[in-house]
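Asks: kindly generate the corresponding structure for this input.
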Amino acid sequence: MRVGLAVLVIHMTGLLHTCTSINPACDCVVYQSHGLSSGRFTSPNFPQYYPSNINCVLYTFIGDATEIIELTFIQFDLKMPDPSGRCFDFLRVYQNLERPEVNEHNQHDMEFCGGYNSIQSTIYSSGRSMVLEFHTEPRSGRPGNYTGFKGIYRFLNKANYITTGIRAQGKQCTYDFHSNSSHISGRFFSPFYPQHYKASTSCRYHFHARQGERVRIMFTNIQLHHIDASPSYYSCRDSPDVITVYDGTDSQAPVIGQFCSVRNSEEVVSTGSELVVAFTSDDRNQKQGFAATYEFMSRVIKPKGPKSIPEFQCNENINSRHHRNGTISSPNYPSAYPAPITCRYIFTGVGRERIQLRFLHMDLHFPSGNPAEPIDCSGSDSVSVYIIINGNTEKLNTWCGRRLPPMLMSSQHKMVVEFKSFHSSPAVTGFKAQYSFVTNFGILEGQQDNRGTCVFNYQSTVQSTGEITSPNYNGQYPRNTECHYLFYGRGKERVHIQFVDFDVDGINPRCEESTNSDYVSFSNFAETEDRKMTRLCGTPSKEKREIWSDGPFFRVIFKSNDIYDSTGFHAYYQFIGPDVETPPQLLPKPSDDPRRNAASSSVYPSRSGYLPLAPHISLTAAVCVVVMLLSQCAKSR
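Replies: Got it, this is the predicted structure:
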């Protein structure tokens, strides 16, 4: 016998009706909007066990003409499906209705059963109506052992989810956004947002600023399908669904941002007046997509507020358009600084620019203990460095006394340095630091590839030997950063890589995401992970620091998370022909960069087995150099 609502309890702010439905005997609970209203809904008898033999209960949500519906399940506990996936107790969702009713011609969009983790917890309508159909199977009148569901509904303003650009004629998902006196900001979304995007989506969003303006994009929500288990370790290069931001008019322009998986508050700023956002997805596992805002902003950046002490260079706003590099220092440097003061140096770049910061001098008042080895900086004069990660301000560290901080790099195009003094002492001289806005991530060799934010190519036809480093080597590598090193050999050449310095924060032997490990991975394939090759992290043993490719192409991937950092790696590569079994060893060669020379002399003072090779040296000559003690080699030259 069908169980009627008259004997059941449903928490509702709606009204009980007899409604037009798939089955005329269905009961209907109606939730009518009263202007962006909200409330709760539950299964019958919740939180007690729901009855068996409920033919159908229709939960009908009706908004105003300018509204859509959001349903969020807080609890969900229905009978599990059978091994084939068939649901016997189920909740069906009709989210794309033209009218607030269902009949035998309507096809449900989703069907839920089982536990909370098996369902989509938040769903949206495409228009002003949405219907849920609840059904339970007969069990001789006995209730099961399941409590049902509880949720919250909200009626939302549909206008908040409309892309404010102009759709290109004849295109389903191509938009243009033009700056003018009445249009300087707006919103744009993945198709059907906040519902899930469809399979095989391809969208282009073209932004056209006026002369003297830049384009600023803020992705407030990104929810894309990704193959990795943890969003903190995604590789967008391998992702099936991805957002790519081009710093120009089309996809041939440099990539300044690439986002996938689950992210929030990601910001990019163009270097010029044109910018393109591309969104693509594959044919399965669609997610909610993305929501973003845009702003056409003047290139002239005005300081935010007055300087705290006019006679000192304090509270500086430094942007890359006016100062690509320079120095900052404590007030009165190299004389004693005043106290008490707080100075903030705010760096703002554009495009793929990162801020590289190298401290040249540090001498701050340290009240107790050894200033050369300060243990605790609380209460002491100090310098703190902050970066932006996922829209949040994160402190890298605080330094005090005379300990020189390592060379640092931002994770995005912003960085803040904060100097605080509590004491005035004529004996201290303060600090001085050198800054640079860089686009190469501090990677000094290889040809940077515009198809990614941090991608470098190494070709045998250009240079048969050379070196690769983690970003910002030999300082701390930046957090939340991924770099790809792509090697292209000739014919049957293989790539040989020897790590001579390796310190990447992580836990061996697997360097897994569950242990919050940064890592370096390797692949013989251009777009997919090579599962037979082992990741490296921590301080691997000597035998694990030598890597060979299977063929002429090889890919090395460096990936850091947003938690820890370390000094990274320094390696030498060689393209080796098929007849050479033992590669010649290499020594760090002189460099125009003093940082590289300093690293070479300090890290490898006792490695006598390495000999210097010029970048253009041939493989035959390289072998001759290694065995130069043999007179035959000397004669052949």
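Asks: where do the strands sit along the stretch 151-300 of the chain?
Replies: Counting by DSSP state E, counting those that start in this stretch, the stretch 151-300 of the chain has strands at residues 166-167, 174-178, 185-189, 202-208, 213-223, 242-246, 255-259, 262-263, 266-269, 274-280, 289-298.
Asks: whoops, the stretch 501-637 of the chain was the one
Replies: According to DSSP E, counting those that start in this stretch, the strands that the stretch 501-637 of the chain contains are 519-523, 546-548, 553-559, 568-576.
Asks: in its sheet, which strands sit next to the longest one, and in what direction?
Replies: Partner strands for strand 568-576, per DSSP bridges, with pairing direction: strand 465-469 (antiparallel), strand 494-503 (antiparallel).
Asks: and the shortest one, by the same measure?
Replies: Note on strand 546-548: by DSSP bridges, its sheet partners are strand 494-503 (antiparallel).
Asks: alpha carbons of the partner strand, as PDB, please.
Replies: Coordinates of the C-alpha atoms in strand 494-503 are reproduced here as PDB (Å, rounded to 0.1, in the frame of the first residue of the first chain):
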ATOM      1  CA  ARG A 494      69.400   9.200 -25.500                       C
ATOM      2  CA  VAL A 495      69.300  11.800 -22.800                       C
ATOM      3  CA  HIS A 496      71.600  11.300 -19.800                       C
ATOM      4  CA  ILE A 497      71.000  13.500 -16.700                       C
ATOM      5  CA  GLN A 498      73.300  13.600 -13.700                       C
ATOM      6  CA  PHE A 499      72.100  15.400 -10.500                       C
ATOM      7  CA  VAL A 500      75.100  16.900  -8.700                       C
ATOM      8  CA  ASP A 501      73.000  18.800  -6.100                       C
ATOM      9  CA  PHE A 502      69.500  17.700  -5.000                       C
ATOM     10  CA  ASP A 503      67.500  18.900  -2.000                       C
END
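Asks: tilt between it and strand 519-523?
Replies: Strand 494-503 and strand 519-523 are oriented at 170 degrees to each other (axes from the mean of the first three to the mean of the last three C-alpha atoms, to 10 degrees).
Asks: report the angle between strand 494-503 and strand 553-559.
Replies: 20 degrees.
Asks: off-centre distance for strand 494-503?
Replies: The chain centroid and the centroid of strand 494-503 are separated by 27 Å under C-alpha atoms, centre = their mean, to the nearest Å.
Asks: could you do stretch 113-129 as well?
Replies: Distance of stretch 113-129 from the chain centroid (C-alpha atoms, centre = their mean) equals 26 Å.
Asks: gap between the two ends of it?
Replies: Taking C-alpha to C-alpha, to the nearest Å, stretch 113-129 runs 22 Å from one end to the other.
Asks: now swap in stretch 191-201 and tell me
Replies: End-to-end distance for stretch 191-201, by C-alpha to C-alpha: 8 Å.
Asks: any chance you could list what contacts it?
Replies: For stretch 191-201, contacts defined as C-beta atoms under 8 Å, 6 or more residues apart in numbering pick out 68, 70, 95, 123-126, 161, 172-173, 190, 203, 279-284, 286-291. Bear in mind the C-beta positions are built from the backbone N, C-alpha and C, glycine included.
Asks: quick one: which helix or strand includes Val462?
Replies: If you go by DSSP states H and E, Val462 is not part of any helix or strand.
Asks: contacting residues around it?
Replies: Neighbours of Val462 in contact, by C-beta under 8 Å, 6+ apart: Gln447.
Asks: mind starting the numbering at 52 from now?
Replies: Sure, I'll start counting at 52 from here, so that last one is Val513.
Asks: how near is it to Phe538?
Replies: Using C-beta to C-beta, to the nearest Å, Val513 is found at 11 Å from Phe538.
Asks: tell me the helix or strand right after the strand or helix carrying Met413.
Replies: Taking DSSP H and E as the criterion, Met413 maps to strand 405-414. Note on strand 405-414: by DSSP H and E, the next helix or strand toward the C-terminus is strand 433-440.
Asks: tell me which residues of the strand holding Met413 are tucked away?
Replies: Residues of strand 405-414 classed as buried: 405-410, 413-414 (neighbour count, 16 or more other C-beta atoms under 10 Å).
Asks: over to stretch 429-441?
Replies: 431-441.
Asks: could you single out the nearest of those residues to Ser232?
Replies: Nearest to Ser232 among the buried residues of stretch 429-441: Ile439, at 31.0 Å, using C-beta to C-beta.
Asks: list the contacts for that closest one?
Replies: 318, 445, 461-463, 465-466.
Asks: now it: how far from Ala76?
Replies: Going from Ile439 to Ala76 by C-beta to C-beta gives 58 Å.
Asks: returning to that earlier point: list just the nearest of the buried residues of strand 405-414 to Val80.
Replies: Arg405 (55.0 Å).
Asks: and the closest one, what is it in contact with?
Replies: With C-beta under 8 Å, 6+ apart, Arg405 has these contacts: 460-464, 488-490, 492-493, 529.
Asks: buried subset of the residues you listed as a PyMOL selection?
Replies: To isolate the buried ones among the contacts of Arg405 in PyMOL, judged by 16+ other C-beta under 10 Å, type:
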select buried, resi 460+461+462+463+464+488+489+490+492+493+529
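Asks: quick one: which of the contacts of Arg405 sit in strands?
Replies: Among the contacts of Arg405, DSSP state E puts 460, 488-489 in strands.
Asks: I'd like those residues as TSV, with pLDDT appended.
Replies: Shown next, in TSV, are these (pLDDT from 0 to 100):
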residue	pLDDT
Met460	98
Phe488	98
Val489	97
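Asks: got those residues as a markdown table, with distance to Thr198 columns?
Replies: As requested, the ones in strands among the contacts of Arg405 are arranged in a markdown table below (distance: C-beta to C-beta, whole Å):
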| residue | distance to Thr198 |
| --- | --- |
| Met460 | 51 |
| Phe488 | 57 |
| Val489 | 57 |
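Asks: tell me which of those residues is nearest to Val80?
Replies: Of these, the one sitting nearest to Val80 (C-beta to C-beta) turns out to be Met460, at 56.8 Å.
Asks: just list whatever residues bridge to the closest one.
Replies: Note on Met460: beta-bridge partners Gln407, judged by DSSP bridges.
Asks: that one is in contact with Pro522, isn't it?
Replies: Yes - shown here, Met460 and Pro522 form a contact pair, counting by C-beta atoms under 8 Å, at 6.5 Å.
Asks: find residues that contact each of these two.
Replies: Joint contacts of Met460 and Pro522 (C-beta under 8 Å, 6+ apart) are 492-493, 528-529.
Asks: among the strands paired with strand 619-627, which is the most enclosed?
Replies: strand 516-520 (a mean of 23; mean count of other C-beta atoms under 10 Å).
Asks: so what strands line up beside the helix or strand following that one?
Replies: Per DSSP H and E, strand 516-520 leads on to strand 533-539 as the next helix or strand towards the C-terminus. Strand pairing for strand 533-539, determined by DSSP bridges: strand 506-510 (parallel), strand 604-610 (antiparallel).
Asks: any chance you could map the helices in the stretch 352-501 of the chain?
Replies: Counting by DSSP state H, counting those that start in this stretch, the stretch 352-501 of the chain forms no helices at all.
Asks: tell me where the model's unsure across it.
Replies: Low-confidence segments of the stretch 352-501 of the chain, defined by pLDDT under 70: 352-364.
Asks: how deep is Gln498 tucked in, by neighbour count?
Replies: 12 (other C-beta atoms under 10 Å).
Asks: right, I mislabeled it, should have said Arg218
Replies: Neighbours of Arg218 under the rule other C-beta under 10 Å: 12.
Asks: contacts only, for it.
Replies: The contact partners of Arg218, taken as C-beta under 8 Å, 6+ apart, are 225-226.
Asks: and Leu459, how far is that from Ile203?
Replies: For Leu459 relative to Ile203 (C-beta to C-beta), the value is 44 Å.
Asks: same deal with Glu594?
Replies: When Glu594 is compared with Ile203 (using C-beta to C-beta), they lie 57 Å apart.
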